[in-house]
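A.B. asks: only geometry, no sequence info:
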């Protein structure tokens, strides 16, 4: 086919291109341009005034030895692992609980358990700040009531990540439960009946029918959870401001501080690229690890 | 099939605990916001305010321009939602129902953009916003998210199942592509539009990172930024009841809208497999 006819075909469909153009135009201006510019900046030192000064890999080398960045990276990975290990199983349990056909007041229960996701992260952060307060928080006063010592949740290096993790679990689990629930409903009932006739117990049915059938959706859950976890910012920012001693700081918060508090714009750009790279590696790792179960290969 | 009594009791018990844990922080927030400063909010007997007062709500309105911030949040979430539902469904319609050169490549590109964290380019993005004169302007929050990859993806998946024969019939009757979208497709896909609209509204109402970055004065803040500065707006001593009053004002509209929508819809919001 000659290129002439391709142009002619495209011209015929010009209205369709118009329909999809807003996304690509906005993406070009507000995401692609910043990414390219950011790449350039990541090899420079710049405080926003004057001309950027070329320093080669200086910013990346700085990141490799900066203790604060190491904390940010370690904390973010811990948030991601804790989220994956807690949220997916909890969401699966909640979805299975909701999936009983004889359940009454289904809509009331579903509405209530989904409330956390509707609640803004900033708001939950402030509420958790009050609940986990060392002196006047409800959590510590309940601990004391059962004879345990109060825990300096937000002000100790050992525990400062826990409220952040709890907040995530509380707020995000319902969203994943809802997705998994829609997946559970799509599993044909006769599969379970056949297995029961064959003498499979509840646990056996769960692991040999439910889990394999849910794999594509579990995969989707893992990927979205990963992307969200690596972009975490609001939770530590509101709860602990990343402290004490950077023990709860996240990568995006580290980026934010460098870019908008101390104006190391080149370094902040390098952090952005490091984050993108880490996220791509982790996502692709997950895609490869779960490629057979993910449903991505179907039809090949 | 008959289910054993113990199974039923266990399931209901677990769900009850789950509901309590889900609702408790919100209950605690409202309860704390009604307490006079002297009342304690630790311990078992602090669950219900002894002497409820609305003074904290008046106080928080003095500390920050709450009414103004409220309007800002409504504009960002409302206008943003309307625009994004329109543009995402239009693009989703194009990807679902038409063949055109480069379609698959463009769709793959669209999916690939979802993997790149938008925070990565934030420094130049700030410079772009400054060049556009959009720092401290709500447009900086509405325009970049006017069409999102995940929204287009969701709409395409949904519109794919729309029967093409109906479109063909309309085309024979002389309707153009946009008129078919506007008069035939849109009315049929309202469930998807409603689900997407609510997710888009929630995401924009609750957004924090971008408003924190682009909004620079108290009057232009959205509610989320406004309540985030409450703990330090009066030195370190803003009392918790006042902060919780602000938090309640920021959270209540969404929760109320959500509860109303849930009780009106027969199937509940089919908050599908995607988010805004």
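C.D. replies: In hand now; what should we look at? This is a predicted model, so every value here is computed, not measured.

A.B. asks: and the strands in the chain?
C.D. replies: As the question left the chain open, I've gone with chain A. Listed in chain order, the strands of chain A (DSSP state E) span A:44-45, A:53-54.

A.B. asks: not quite, I wanted chain B
C.D. replies: Assigned by DSSP E, the strands in chain B fall at B:233-236.

A.B. asks: distance from the chain centre to stretch A:25-37, please.
C.D. replies: In this view, stretch A:25-37 has its centroid 23 Å away from the chain centroid, taken as C-alpha atoms, centre = their mean, to the nearest Å.

A.B. asks: looking at the strands of chain A, which is nearest to residue B:102?
C.D. replies: Taking C-beta to C-beta, strand A:44-45 is the member of the strands of chain A nearest to residue B:102, at 35.1 Å. Quick note: C-beta positions are derived from backbone N, CA and C, even for glycine.

A.B. asks: just give me the neighbour total for the one residue in chain A that gets nearest to chain B.
C.D. replies: Going by C-beta to the nearest C-beta, chain B is nearest to residue A:34 of chain A, at 2.9 Å. For residue A:34, the neighbour count with other C-beta atoms under 10 Å in any protein chain shown is 25.

A.B. asks: apart from its neighbours in sequence, what residue is nearest it?
C.D. replies: Nearest residue to residue A:34, sequence neighbours excluded (C-beta to C-beta, 6 or more residues apart in numbering or on different chains): residue B:121, at 2.9 Å.

A.B. asks: biggest helix in the chain, by residue count?
C.D. replies: In the absence of a named chain, this looks at chain A. helix A:67-98 (DSSP state H).

A.B. asks: chain B, not that one
C.D. replies: helix B:66-97.

A.B. asks: would it count as contacting chain A?
C.D. replies: Yes - against chain A, helix B:66-97 shows contacts by C-beta under 8 Å from any C-beta of the partner chain at B:87, B:90-91, B:93-95.

A.B. asks: list the buried ones in that helix?
C.D. replies: For helix B:66-97, burial by neighbour count (16 or more other C-beta atoms under 10 Å in any protein chain shown) applies to B:66, B:69-70, B:72-73, B:76-77, B:79-81, B:83-85, B:87-97.

A.B. asks: what ranges in the chain fall below the confidence cut-off?
C.D. replies: If you meant another chain, say so; for now it's chain A. Counting by pLDDT under 70, chain A has low-confidence residues at A:1-3, A:293-300.

A.B. asks: hm, I was asking about chain B
C.D. replies: B:1-2, B:41-45, B:233-238, B:264-276.

A.B. asks: tell me which residue is most central in it.
C.D. replies: Most central in chain B under C-alpha atoms, centre = their mean is residue B:202, positioned 1.1 Å from the mean C-alpha point.

A.B. asks: which non-adjacent residue is nearest residue A:96?
C.D. replies: Nearest residue to residue A:96, sequence neighbours excluded (C-beta to C-beta, 6+ apart): residue A:184, at 6.8 Å.

A.B. asks: so how far is residue A:217 from the one you found?
C.D. replies: Separation of residue A:184 from residue A:217 (C-beta to C-beta, to the nearest Å): 9 Å.

A.B. asks: do the same with residue A:145
C.D. replies: The spacing between residue A:145 and residue A:217, counted by C-beta to C-beta, is 41 Å.

A.B. asks: which of the two has more neighbours?
C.D. replies: Remark: of residue A:145 and residue A:217, residue A:217 carries more neighbours, 21 against 10, as counted by other C-beta under 10 Å.

A.B. asks: tell me, how many residues neighbour the closest residue to that one other than its chain neighbours?
C.D. replies: Of all residues not flanking residue A:217 in the chain, residue A:183 sits nearest, at 3.9 Å (C-beta to C-beta, 6+ apart). Residues lying near residue A:183 (other C-beta under 10 Å) number 22.

A.B. asks: spit out the contact partners of residue A:183.
C.D. replies: For residue A:183, the contact set (C-beta atoms under 8 Å, 6 or more residues apart in numbering or on different chains) comprises A:95, A:213-214, A:216-217.

A.B. asks: next one: residue A:115
C.D. replies: Residue A:115 makes contact with A:174, B:22-23, B:26, B:255, B:258, according to C-beta under 8 Å, 6+ apart.

A.B. asks: and chain B, split by domain according to the record?
C.D. replies: Per the record, chain B has its domains at B:1-53, B:63-264, by automatic domain parsing.

A.B. asks: and those domains: which comes nearest residue A:126?
C.D. replies: domain B:63-264 (5.1 Å).

A.B. asks: ok, now which ones touch the residue of chain B found nearest chain A?
C.D. replies: Per C-beta to the nearest C-beta, residue B:121 is where chain B lies closest to chain A, at 2.9 Å. Contacts for residue B:121 (C-beta under 8 Å, 6+ apart) come out as A:31, A:33-35, A:37-38, A:269, A:272.

A.B. asks: how about a cut-off of 6 Å?
C.D. replies: A:34-35, A:38 (C-beta atoms under 6 Å, 6 or more residues apart in numbering or on different chains).

A.B. asks: also residue A:176?
C.D. replies: A:87, A:91, A:221 are the contacts of residue A:176 under C-beta under 6 Å, 6+ apart.

A.B. asks: look up the closest residue to it, ignoring the ones flanking it.
C.D. replies: Using C-beta to C-beta, 6+ apart, the closest residue to residue A:176 is residue A:91 (3.7 Å).

A.B. asks: from what I can see that neighbour touches residue A:175, true?
C.D. replies: No - counting by C-beta atoms under 6 Å, residue A:175 is not a contact partner of residue A:91; they are 8.0 Å apart.

A.B. asks: compare those two (neighbour count), which wins?
C.D. replies: Comparing residue A:91 with residue A:175 by other C-beta under 10 Å, the one with more neighbours is residue A:91, at 24 against 21.

A.B. asks: can you list the residues of the stretch 101-250 of chain A near chain B?
C.D. replies: Taking C-beta under 6 Å from any C-beta of the partner chain as the measure of proximity, the stretch 101-250 of chain A contacts chain B at A:102, A:107, A:109, A:111-113, A:115-116, A:118-120, A:122-123, A:126-127, A:130, A:136, A:138, A:141, A:178-179, A:231, A:233-234.
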